[in-house]
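In: Fold the following.
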Amino acid sequence: MNGAIGSLYPDRPDHPEDRSDTRRRRAAARLVEDPDDGAEAREFHWTREDFERIRTMIRERAGIHLHSGKQAMAYSRVARRLRETGHTSFHEYLNWLELQEDAEWQEFVNVLTTNLTAFFREPHHFDLFAQWLSRHPQGPWNVWSCAASTGEEPYSIAMAAQEVLGGHASFKVLASDIDSRVIARAQEGVYRSDHLKGLSEERLRRFFLRGTRTNSGLVRVRPELRQAVEFMHINLIDDDWPFKTPLDVVFCRNVMIYFDAPTQRRVLERLHRVIRPGGLLFVGHAEHFSDARDLFVLRGKTTYERL
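Out: Here you go, the predicted model:
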């Protein structure tokens, strides 16, 4: 790298080409300090220390483990907060963040969380869930969608339940997420029509209202489906989960992959405490908990039963 920088230094400092070379040299010099080799020159100064501070802060706040390959992601997402708060460096912003109350910390968590979701994502879970409801026809039923994102998962759970139990069953979905902005969007229950392409025409007619005029191209969840879902902000690593009655089923999908092994174990132990014996835990396709056989037993593809 040093040789490459040196080659950008011809002996003609006043020539226009040299001024261009100077800019390139400065950009290259910034890259020497960048933890993400190969990245283009960045808007804000960025060091490995900045990344390590962000890793520590998000782990302590949300339990999220950012591995070393997430440096570019951390830079681009937290840089949004620098622009929005008017800070000119990560060092300055992170110092300021440490003195703030919950509101800015929530924004910090929001920008670092990922919210990939879809209606009836991993459909085999909803088939198993419907079969489980058919075998357990006596309610009430309490289901938790603990990474609800923008609402596609909890509304899919409610649709599957109403198809099995009917619209008047005593069924409730608690939908939570650590990202406050996505929960607010989920509560609105409004989606672009093309976001529902995978749903059958029967489900579209039964569970959604089509927008007209200025709302053309949008759909809204019908009130009777919306009423089956309660939204809430919950941090999975906090001790104050709000459940007063045991849960029958928990969807905790594509969440644990962001936790380190000790945090995964703590969350699984808490899930074991809030799920009734025989209840189900659905996890993501890349999540396996063979070390938690004392808590859950595998009952199908990424589906566990609480012991």
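In: Count residues in the vicinity of the residue lying closest to residue 236 once chain neighbours are set aside, would you?
Out: What sits nearest to residue 236 in space, not counting adjacent residues and going by Cβ to Cβ, 6 or more residues apart in numbering, is residue 267, at 5.4 Å. (Each C-beta comes from the backbone N, C-alpha and C, glycine too.) The tally of other residues near residue 267 (other Cβ atoms under 10 Å) stands at 18.
In: Return the distance of residue 267 relative to residue 55.
Out: For residue 267, the distance to residue 55 (Cβ to Cβ, to the nearest Å) stands at 19 Å.
In: Now residue 187. Its backbone dihedrals?
Out: phi -60, psi -30 (degrees, to the nearest 10).
In: all helices of the stretch 51-200 of the chain, in order?
Out: For the stretch 51-200 of the chain, helices defined by DSSP state H, counting those that start in this stretch occupy the ranges 71-85, 90-97, 102-112, 123-135, 152-165, 180-188.
In: then the helix or strand harbouring residue 220 to PDB, C-alphas only?
Out: Per DSSP states H and E: residue 220 is located in strand 218-221. This file holds the C-alpha atoms of strand 218-221, laid out as PDB (Å, rounded to 0.1, in the frame of the first residue of the first chain):
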ATOM      1  CA  LEU A 218     -51.900  -0.200  -1.700                       C
ATOM      2  CA  VAL A 219     -53.700  -2.700   0.500                       C
ATOM      3  CA  ARG A 220     -54.700  -2.400   4.100                       C
ATOM      4  CA  VAL A 221     -55.200  -5.300   6.500                       C
END
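In: just checking, what packs against that strand?
Out: Contact analysis of strand 218-221 by 3 or more Cβ pairs under 8 Å, 6 or more residues apart in numbering; DSSP states H and E lists strand 190-192, strand 208-210 as its packing neighbours.
In: Not counting it itself, show me its contacts.
Out: 151, 155, 189-193, 196, 204, 207-211 (Cβ atoms under 8 Å, 6 or more residues apart in numbering).
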